[in-house]
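Visitor: need a structure here:
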Amino acid sequence: MIAAVIGSVAFFFASILYILLALGLPYGEFAMGGKYKIMPTRMRYMCAFSVLIQWFAILILLQTAGLIPFMFSSGITKGLCYFFAVYLSINSVMNALSKSKKEKYIITPLSVITAICFWVTAVLA
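Guide: Numbering: from 1, shown residues only. As a prediction, the model looks like this:
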């Protein structure tokens, strides 16, 4: 499914941003409301943990689409795909409400695309 590939690539780019944030690079304006230019140490740990969840979500998306072998049953994988679709939909709204223009105008569209790809994959799988 093309939606799963597009969603995986989009989410992978988001994970790169969070890796950079976890390493202490000054891209904080793109995440978490833009409150910090450089994430404090505690937030860096959260960013690193977020990367693991993002990569897990990519695996679930690709498994739901049947593009890689299943680690879980198809029912569980599809349910997890719906879970991430809902999460990313809520995340898109929160990004759109951000005070940071960089997060609002760059990350929100990325989040919306990813959410749509999760929804399409979950529904059509």
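Visitor: Show me what whatever helix or strand Ser15 lives in is packed against.
Guide: Using DSSP states H and E, the element containing Ser15 is helix 2-22. For helix 2-22, the packing partners by 3 or more Cβ pairs under 8 Å, 6 or more residues apart in numbering; DSSP states H and E come out as helix 41-64, helix 108-124. Every residue, glycine included, has its C-beta placed from N, CA and C.
Visitor: what does the average pLDDT come to for it?
Guide: When pLDDT is averaged over helix 2-22, the result is 97.
Visitor: roughly how far is that helix from the heart of the chain?
Guide: Here helix 2-22 is found 6 Å from its chain centre; the criterion is Cα atoms, centre = their mean, to the nearest Å.
Visitor: Tell me which residues of it come out buried.
Guide: For helix 2-22, burial by neighbour count (16 or more other Cβ atoms under 10 Å) applies to 3-4, 6-8, 10-11, 14-15, 17-18, 20-22.
Visitor: Who are the contact partners of Met1?
Guide: By Cβ atoms under 8 Å, 6 or more residues apart in numbering, the contact list for Met1 reads Ala65, Gly66, Leu67, Val120, Thr121, Leu124, Ala125.
Visitor: Quick check: closest non-adjacent residue to the fifth one.
Guide: Excluding its sequence neighbours, the residue lying closest to Thr121 (Cβ to Cβ, 6 or more residues apart in numbering) is Ala4, at 4.7 Å.
Visitor: ok, the one you found touching Leu67?
Guide: Yes: at 5.9 Å, Ala4 and Leu67 qualify as touching, with contact defined as Cβ atoms under 8 Å.
Visitor: Thanks a lot, catch you later.
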